[in-house]
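In: here is a sequence with its predicted model. Questions after.
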Amino acid sequence: MQFVLILMGQCSFFTCHLYEYHFIQEGKTWDEAQSYCREHYTDLATVSDMRDVERLTNSPQTTDAWIGLRSINERDIKEWHWSVSGEKYNPTEFNPGCAPEWGPGQPNNGGVNLQNCVVIKAPKKLNDLHCSQRRECICYNETGPQKYFVIDEKKNWFQAQSYCREHHTDLISGIKQLNEFKDQHFSSWIGLFREIWSWSDGKNFSFRHWDPDSFEDKASKTCAMTTSNGKWSSDTCTEEKPFYCYDDKVILINESKTWDEALTYCRENHRDLISITDRHQQRWVEKRAKMADTEFVWLGMRYTCILDLWFWVIDRLVCYDNWAQKEKTRQVHCDMATVMKRDGEWYKKADYEKFHFICAK
């Protein structure tokens, strides 16, 4: 197969949404809204980061509209998540002797009010607490000369998260950041929390955008909705409200084909082989790759010997990548294209090998 390449000469900002939101004005209960979205689109709206929040906020309606988040049985909670979307929690990183680590007997999830949020105590010991308690917090900046900020004003965990997102990037999240943070502060909130909500479509995005001033942790209010300021609150699921659906623009094809055959199939039946230009899109496509029957799935990236570079089939240079560590130094050949493993990392494969693949609709 031959290509005519008209590549962008620099890594300019480029956004291609892999799913679309649809606002439905008709009032329905949460369950009715879920059935409607699954019948007419993909599902009730899933929100994966602040970019999605902005898309909803810019839509015609943001007040009291259902989204696809519903609480689960707190007593069955098993998983911890980081506040930063895409940062994965790995329980093995908290083994005894590692720094930071859980304090003695932690996490214990004790008391009448379940302890679903975490503070860090000197010397780098973690304790779970009820999220309504008021503590200092540690924020981080993704860019700028100073990375970490200790906020002395005491807040509950939701207020701390909201403050860090409004004034910095987020609550400090991930083992790497906790190891970089050198100061010793007593009982400050970090971005680790135990999940009590799940998305209607089954995706495990940990991003939450609760309004700390309106969110009520009550047993009867188990369905999430947007509010007038774009943040989220909860209400009784039988209340009738308008709602947001989303329509997925990514499809996994469970047929084994070569890279050229996969490209042809996508262009004849959908839009193109999938391209990934930022971390936001990476997370969305990664969820599809996990569902494949083959270990790898083809992506829309190929190597050209003539220009000695990797390119996306949408005529974009590769400005974002998620290569596995060993692939970064691996020798490249003219007949190579890119696959994603089920864990989300990218690998170089000969284009005549056969894998399942992902199309953009």
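Out: Cool, the structure landed. Numbering: from 1, shown residues only.

In: over to residue 64. Which of the three states is it?
Out: coil (DSSP: H, G, I helix; E, B strand; the rest coil).

In: 26 is where my numbering starts, stick with that
Out: With 26 as the first residue, the last one maps to residue 89.

In: so it sits against residue 250, correct?
Out: Yes. Counting by CB atoms under 8 Å, residue 250 is a contact partner of residue 89 at 5.6 Å. Yep, even glycine has a C-beta here, placed from its N, CA and C like the rest.

In: higher neighbour count, these two?
Out: residue 250 (22 against 16; other CB atoms under 10 Å).

In: ok, that one - contacts?
Out: Neighbour list for residue 250: 89-92, 257-260, 266 [criterion: CB atoms under 8 Å, 6 or more residues apart in numbering].

In: who's it bridged to?
Out: Residue 250 forms beta bridges with residue 91, residue 258, as assigned by DSSP bridges.

In: for residue 52, see how far away it is.
Out: Distance of residue 250 to residue 52, given as CB to CB, to the nearest Å: 12 Å.

In: for residue 379, same thing?
Out: In this view, residue 379 and residue 52 are 49 Å apart by CB to CB.

In: returning to what we had before: dump the contacts of residue 250 into TSV; add distance to residue 204 as well.
Out: Compiled in TSV, the contacts of residue 250 are given as follows (distance: CB to CB, whole Å):
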residue	distance to residue 204
89	42
90	40
91	40
92	35
257	31
258	35
259	35
260	40
266	44
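
In: hang on, the earlier thing: which residues do residue 250 and residue 52 both contact?
Out: Residues touching both residue 250 and residue 52 (CB under 8 Å, 6+ apart): residue 266.

In: just to revisit the earlier point, overlap in contacts, residue 89 and residue 250.
Out: Both residue 89 and residue 250 are contacted by 260, 266, under the criterion CB under 8 Å, 6+ apart.

In: low pLDDT regions in the stretch 26-175 of the chain?
Out: 26-41, 83-87, 98-103, 122, 135-138 (pLDDT under 70).

In: which residue sits closest to residue 141 in space, ignoring its chain neighbours?
Out: residue 219 (4.0 Å; CB to CB, 6 or more residues apart in numbering).

In: next up, the contacts around that neighbour.
Out: For residue 219, the contacting residues are 102, 104-106, 132, 134, 139-142, 153, by CB under 8 Å, 6+ apart.

In: mark out where each domain of the protein begins and ends.
Out: 44-97+222-272, 99-219, 275-385 (automatic domain parsing).

In: residue ranges of the strands in the stretch 76-225 of the chain, please?
Out: For the stretch 76-225 of the chain, the strands defined by DSSP state E, counting those that start in this stretch occupy 91-96, 105-107, 126-127, 142-146, 150-154, 160-165, 173-180, 195-196, 213-219, 222-224.

In: er, the stretch 276-386 of the chain I mean
Out: Secondary structure of the stretch 276-386 of the chain, counting by DSSP E, counting those that start in this stretch: strands at 297-298, 321-329, 334-337, 341-342, 361-366, 371-375, 380-385.

In: now render those as CSV, adding mean pLDDT.
Out: Converted to CSV, the strands of the stretch 276-386 of the chain look like this (pLDDT from 0 to 100):
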stretch, mean pLDDT
strand 297-298, 94
strand 321-329, 94
strand 334-337, 90
strand 341-342, 76
strand 361-366, 96
strand 371-375, 96
strand 380-385, 96
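
In: circling back to that earlier point, just the contacts of residue 219 now: which is nearest residue 297?
Out: residue 106 (32.5 Å; CB to CB).
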